[in-house]
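Trainee: Build me a structure from this.
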Amino acid sequence: MIPTMPTIIIWYVVRRFLATFAFTIVAMCLLFVIIDLFEHLESFLDHNVSFMGVVWYYVVFLPYMAKLLIPVSSLLAALFSVGRLAASNEITAMKAAGLGFWRFLAPYLVLALCISLGQTWFNGWVVPKANTAKLEIERTELRSAGGPDLNNLRFRDQPTRNVSIGTYNEQTKVAQAVVIEEFGSTQHPRLVWRLEAPRMTWVDDKGWIADSAMKRVYDSTKQTVSWVYNIVMPFTIPHEQIRKLQVTIDELTFDEIPDYLATQRAGGKDTRRQEIDYYAGWAFPYSNIIVVLIAVPFAAVRRKGGMAVNIAAAMITAFAYIVLSEVIKAVGTATSFDVVVVGWSSTIAFACIALLVVFVFRR
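Mentor: Numbers count the residues shown, from 1 in each chain. Just a heads-up that it's a prediction; the model follows:
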């Protein structure tokens, strides 16, 4: 009969892991805040940002930091908590009582799975909202870009049509310094016509209306210039989407990104790298399971050097995962492999490495 892991031991190792995990992520987040504060302190002072404004800036910045640091904290928590058990010969005592490796590993894997599921929700829905709040502070207080105006907007409305807007006011729905260019063909782009309007206004039941616009028509030998009035502008992106298209992909939740990418593709933009990043974003939280698979059997073996060896192992593991992820993304962007496969490839590859580590180091 295979002995089960007593409940008291399960809670003992769980408390140690969670305590180390919480301490690690809080300590690293505070360290990042201090480093970033020193980097941006001059900017805060130059723009007269209040003390509470600075505090709120870092409150909404913390989720993004945590998103990156959670897997590292899982790795360090596993290395340190298991390393302490090994150093005090508690793992030896558990083995002597008949506790097998997989029984010992099971609570850590359950914890890692719970953290991964929680981080998927956190990364996909909490972090984007926090990023929006952070970027709003940067736009309004740090860059003095307050008000409802958006400046220097560029769109590819269709594969052959580019739209440029100098200034757009979201409240009045008025765009100024508008230029629309039609190139006729994606294979052999040549400027066919160009519309220049001082301003255009969004009318809900009609679309974009310009009081007047200069139209330039080009053929192989000449250019024809004329003025048109009360024209419905050939710009299909509605008022509601302009602001959405101006946000960065980091501000979109996981269920908003597919629509955003579809809109970009409809305008002729190559979104392959963004699609890879999207699926990699789904895969990233499950690196918690992988690092635990690597850390537990590694740290369970007592070594000379103790914690120093564990810290070095954590740094090497984190660096290897980052490098592997970026290399696979770069290669995947330049190839025709399915974006889902590319997005998950680094996680799958690292999972294979983790399983190899388990079978090499388990005792």
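Trainee: Tell me the secondary structure at residue 180.
Mentor: strand (DSSP: H, G, I helix; E, B strand; the rest coil).
Trainee: Now it: closest residue in space that isn't a chain neighbour?
Mentor: Distance criterion Cβ to Cβ, 6 or more residues apart in numbering; nearest residue to residue 180, sequence neighbours excluded, is residue 195 at 4.4 Å. Where C-beta positions appear, they are placed from N, C-alpha and C, glycine not excepted.
Trainee: just checking, what packs against the host helix or strand of that neighbour?
Mentor: Using DSSP states H and E, residue 195 sits in strand 193-203. Judged by 3 or more Cβ pairs under 8 Å, 6 or more residues apart in numbering; DSSP states H and E, strand 193-203 is in contact with strand 174-182, strand 207-218.
Trainee: Show residues contacting the first one.
Mentor: Outside strand 174-182, the residues that touch it by Cβ atoms under 8 Å, 6 or more residues apart in numbering are 157, 160-169, 191-202, 208, 210, 213, 233-235.
Trainee: which of those count as buried?
Mentor: Neighbour-count burial (16 or more other Cβ atoms under 10 Å) applied to the contacts of strand 174-182 gives 157, 160-163, 165-166, 168, 192-197, 199-202, 208, 210, 213, 233, 235.
Trainee: can I assume residue 291 is in contact with residue 78?
Mentor: Yes - using Cβ atoms under 8 Å, residue 291 is in contact with residue 78, at 6.8 Å.
Trainee: so what sits against both of the two?
Mentor: residue 112.
Trainee: And the two? Which one has more around it.
Mentor: Neighbour count, other Cβ atoms under 10 Å: between residue 291 and residue 78, residue 78 has more, with 29 against 25.
Trainee: residue contacts, residue 168?
Mentor: Counting by Cβ under 8 Å, 6+ apart, residue 168 makes contact with 149-151, 153, 174-176, 242.
Trainee: can you confirm it is in a strand?
Mentor: Yes - using three-state DSSP, the assignment for residue 168 is a strand.
Trainee: That one and residue 325, how far apart?
Mentor: 37 Å (Cβ to Cβ, to the nearest Å).
Trainee: Name the nearest residue to residue 16, ignoring sequence neighbours.
Mentor: Per Cβ to Cβ, 6+ apart, closest to residue 16 is residue 81, 4.2 Å.
Trainee: To clarify, my last question referred to residue 74.
Mentor: With Cβ to Cβ, 6+ apart, the residue lying closest to residue 74 is residue 288, at 4.4 Å.
Trainee: The helix or strand hosting that neighbour - what's its average pLDDT?
Mentor: For residue 288, the enclosing helix or strand under DSSP H and E is helix 287-299. Throughout helix 287-299, pLDDT has a mean value of 90.
Trainee: same thing with stretch 70-85?
Mentor: On average, stretch 70-85 scores 91.
Trainee: ok, now stretch 197-207?
Mentor: 94.
Trainee: was I right about residue 137 contacting residue 55?
Mentor: No - contact between residue 137 and residue 55 fails when scored by Cβ under 8 Å: they sit 11.2 Å apart.
Trainee: The residue nearest to residue 264 when sequence neighbours are not counted: how many residues sit nearby?
Mentor: Distances taken as Cβ to Cβ, 6+ apart place residue 271 nearest to residue 264, at 5.0 Å, with adjacent residues excluded. Neighbour count of residue 271, defined by other Cβ under 10 Å: 19.
Trainee: just how off-centre is stretch 111-123 within its chain?
Mentor: 15 Å (Cα atoms, centre = their mean, to the nearest Å).
Trainee: again with stretch 163-182
Mentor: Counting by Cα atoms, centre = their mean, stretch 163-182 comes out at 29 Å from the chain centroid.
Trainee: repeat for stretch 100-118
Mentor: Relative to the mean C-alpha coordinate of its chain, stretch 100-118 is positioned 25 Å out (Cα atoms, centre = their mean).
Trainee: Next: stretch 153-172.
Mentor: Chain-centre distance of stretch 153-172: 26 Å, with Cα atoms, centre = their mean.
Trainee: as a whole number, average confidence for that stretch?
Mentor: Mean predicted lDDT for stretch 153-172 stands at 86.
Trainee: what do you get for stretch 104-114?
Mentor: 94.
Trainee: Give the buried residues for it.
Mentor: Quick answer for stretch 104-114 (16+ other Cβ under 10 Å): 104-105, 107-108, 111-112.
Trainee: Pretty sure residue 236 sits in a helix.
Mentor: No - Residue 236 sits outside any helix when classified using three-state DSSP, being coil.
Trainee: State whether it and residue 155 are indeed in contact, as I suppose.
Mentor: No - using Cβ under 8 Å, residue 236 is not in contact with residue 155, being 9.7 Å away.
Trainee: Which of the two has more residues huddled nearby?
Mentor: Neighbour count, other Cβ under 10 Å: between residue 236 and residue 155, residue 155 has more, with 22 against 15.
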